[in-house]
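>>> Pasting the sequence and the predicted coordinates here, then a few questions.
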Amino acid sequence: MTSLTTRIGLGAVAALGSVALLTGCGSAPSSTATGSAGASASTFLPCVVGDVGGFNDHSFNQLSLEGVQAAAKTLGTTAKKVQSQTSTDYAPAFASLVAQKCNSIVAAGFQFGDPLVASAKANPKIDYVMIDNTTTPVLPNVKDVVFKTSEAGFLGGYAAAAYADKVSKSPAVATYGGQKFPTVTIFMDGIADGVAYYNSQKKADVKMLGWSVKSQNGSFVGNFTDQNKSKQIASGFLDQGANVIVPVAGSLYQGAGKAITAAKSDAVLEGVDADVFESDPSVKALILTSIIKQVDVAAQTATEDAAKGGTFDNSTYIGDLKNGGVALAPFHDYESKVPSTLSSELDTIKAGIIDGSITVDSPAATTLK
C-alpha cells in the first residue's frame, strides 16, 4: 500500500513530530509502555475499523490504517483491522475487534459515532479514538480527534482562485461533498471563504460553484463510493467553466478526474485529507495542491498514548494551522504555473489566520470542542 505519510515541510509537524502534534493530549509512549489492560507493548493489540470508503481510498481510511500500523510497528506488535462494507457493518465491526481482544480501536469517519459510543460504554477497558466526529459525548475511554480544516481549506480556496484567475478570463472554482456532514462542510466553508478573500484582496471576480457559506447549501454525491455520480457532478461544473474542482469526498476525486479527462479540459483538481499528488499517481497530473489533515499522525500518536497504560488521555485534540494538524500541500508540478507571488501570499494569510487577524467563517468549526 502506498504510504500517505505527508512528504512535505509542514512546519510544526515536520519539526516537532507526532509527539508534539498531540501536545496536551498525551505525551510520547516509551518503548517499554504498557497498555490500558496492563499488557506490555509487545502484546498490546491496536486495532482500526474502516468506513465504507475502504482502506485503499487514498484518504482518511487509509491514513487511519497507516497511523495504527505505524504505532504497532513502534510497539513491536501487529495491528488488526476490520473493513465495513455498509453502514450496517459498523456495530458488528466493533464487536469483532472486541472479540479479538483489542486494547485500542481507532475509527475514522463521522458515521462511526453512535456505534463507537455504544461499544465504548460496553467495554470500558478498551480505549477508543474517534477521528472526525464532532458530536461524540465525553467518555473516559474515548478520545476525540478533530481538525479545523476550514483553515487549510481557506488557503486551498485562495490558491484555487489565484490559479483560476491566472488561466481564465472567466475564472471559477467548484467544490462538492460526499455527504453533508460537518467534517465535509468545514472544508467547503474554508474553500469558499478563501475564494472570497482572494476576490476582496485582488478586486477579482472568481466564481464559487457548489457551495454557499451563508446558506450552508451546495452539491453532494450522497455517499463516498459513487464514482459515476461524482463524475456527473464534476462534468456539470466543467460545463459552467470551472477551472479548479475540489471534491471533498474521499476517493471520489477519481470520478472528477475522469470527467476532466473525458472533456479534454485543462481544469485541475485539489485533493483533500492526504497529499493526493503523492498518494495516487493515477491523477497526479491533475493535482494543483491538496488540503491536508494529519489523520495518520494523529491515529499513530493516540494509539501509542493508549499503550502507555495508566489513565487514558481522553482530552480532545483539535488539529489546526498553528499546531500543524492541517496544512496545504506543495504545488508540485504546478509550481511554475501558479502566480509567482502566491507562496508568499499564502504564508502571510496563514500567519493571519493563526493570529486571528483573518477570520475563517465556518459554522461547522463551532462544533469542535
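Cool, got the structure.
>>> Can you tell me how far L269 is from F224?
According to Cβ to Cβ, to the nearest Å, L269 and F224 sit 16 Å apart. Yep, even glycine has a C-beta here, placed from its N, CA and C like the rest.
>>> Correct me if wrong: T303 contacts E66.
No - applying Cβ atoms under 8 Å, one finds T303 not in contact with E66, separated by 11.4 Å.
>>> Grab the nearest non-local neighbour of V221.
Nearest residue to V221 in three dimensions, chain neighbours excluded: K229, at 4.8 Å (Cβ to Cβ, 6 or more residues apart in numbering).
>>> ditto for T86
Using Cβ to Cβ, 6+ apart, the closest residue to T86 is V52 (6.2 Å).
>>> What number of residues are in the vicinity of that neighbour?
Burial of V52 is recorded as 19 neighbouring residues (other Cβ atoms under 10 Å).
>>> tell me the contacts of it?
Listed by Cβ atoms under 8 Å, 6 or more residues apart in numbering, the contact partners of V52 are S84, Q85, T86, S87, D89, N223, F224, T225.
>>> List phi and psi for the third one.
What that stands for is T86. Backbone dihedrals for T86, given as degrees, to the nearest 10, come out at phi -140, psi 170.
>>> Tell me how many other residues crowd it.
Counted with other Cβ under 10 Å, residues neighbouring T86 total 8.
>>> Was I right to think F312 contacts K143?
Yes - counting by Cβ under 8 Å, F312 does reach K143; the two are 7.3 Å apart.
>>> more neighbours, the two?
Taking other Cβ under 10 Å, F312 and K143 do not tie; K143 has more neighbours (28 against 24).
>>> Surely the more buried one is in a strand?
Yes - using DSSP: H, G, I helix; E, B strand; the rest coil, the assignment for K143 is a strand.
>>> Do you know the pLDDT at it?
At K143, the model reports a pLDDT of 95.
>>> and if you look at the one 10 residues further on?
You'll see G153 listed with a pLDDT of 98.
>>> Pull the contacting residues for it.
Applying Cβ under 8 Å, 6+ apart, the residues near G153 are I186, F187, M188, D189, G190, I191, D193, G194, I291, V360.
>>> Among these, which ones are in helices?
Mapping those onto helices (DSSP state H) picks out I186, F187, M188, D189, G190, I191, D193, G194.
>>> Which one of those is nearest to N56?
Set against N56, the nearest of the ones in helices among the contacts of G153 by Cβ to Cβ is F187 (21.3 Å).
>>> doesn't S290 make contact with that closest one?
No - applying Cβ under 8 Å, one finds F187 not in contact with S290, separated by 11.2 Å.
>>> Could you look up the SS state of the residue nearest to V221?
Classified using three-state DSSP, K229 is helix.
>>> Please report which of the ones in helices among the contacts of G153 has the highest neighbour count.
Compared across these, I191 has the highest neighbour count, 35 neighbours, by other Cβ under 10 Å.
>>> how near is that residue to P247?
For I191, the distance to P247 equals 11 Å [Cβ to Cβ].
>>> same check, this time on S230
Applying Cβ to Cβ, the value for S230 to P247 is 6 Å.
>>> what sits in contact with each of the two?
Listed as contacting both S230 and P247 by Cβ under 8 Å, 6+ apart are Y176, Y253, G255, A256.
>>> Touching both of F187 and S290, which residues are there?
Contacts common to F187 and S290, judged by Cβ under 8 Å, 6+ apart, are V272.
>>> quick check, F312 in a helix?
No - counting by three-state DSSP, F312 falls outside a helix, being coil.
>>> got the contact list for it?
Going by Cβ under 8 Å, 6+ apart, F312 touches S36, D127, P140, N141, K143, D305, A306.
>>> outside of the helix or strand where Y176 lies, which residues touch it?
Counting by DSSP states H and E, the element that carries Y176 is strand 172-177. Strand 172-177 is contacted by residues 157, 160-161, 164, 184-185, 187-188, 191-192, 195, 206-211, 218-221, 230, 233-234, 237, 240-249 when judged by Cβ under 8 Å, 6+ apart.
>>> Mind giving me the ChimeraX command for buried ones among the residues you listed?
Buried subset of the contacts of strand 172-177, written as a ChimeraX selection, criterion 16 or more other Cβ atoms under 10 Å:
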select :157,160,161,164,184,185,187,188,191,192,195,206,207,208,209,210,211,218,219,220,221,230,233,234,237,241,242,243,244,245,246,247,248,249
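>>> quick one: which of the contacts of strand 172-177 sit in strands?
Using DSSP state E, K207, M208, L209, W211, G218, V244, I245, V246, P247, V248 are the members of those that sit in strands.
>>> which residue packs closest to the first one, ignoring adjacent ones?
Meaning K207. Leaving aside its sequence neighbours, K207 sits nearest to A172 (Cβ to Cβ, 6+ apart; 4.0 Å).
>>> The one you found and M208, how far apart?
Distance, A172 to M208, using Cβ to Cβ: 8 Å.
>>> Kindly report the same for A274.
24 Å.
>>> now do I260
19 Å.
>>> So which residues of this structure form strands?
For the chain, applying DSSP E gives strands covering 46-50, 80-83, 104-108, 127-131, 142-147, 172-177, 207-209, 211-212, 217-218, 244-248, 268-273, 287-293, 317-319, 326-328.
>>> Can you give me the neighbour number for the residue nearest to K207?
A172 is flanked by 25 other residues according to other Cβ under 10 Å.
>>> what's the answer for K169, then?
Neighbour count for K169, taken as other Cβ under 10 Å: 6.
>>> What score does it have for pLDDT?
On the pLDDT scale, K169 is placed at 97.
>>> Touching, D361 and D189? I think so.
Yes - taking Cβ under 8 Å as the definition, D361 is a contact partner of D189 at 6.8 Å.
>>> got any residues that touch both of those two?
With contacts taken as Cβ under 8 Å, 6+ apart, the residues that reach both D361 and D189 are V213.
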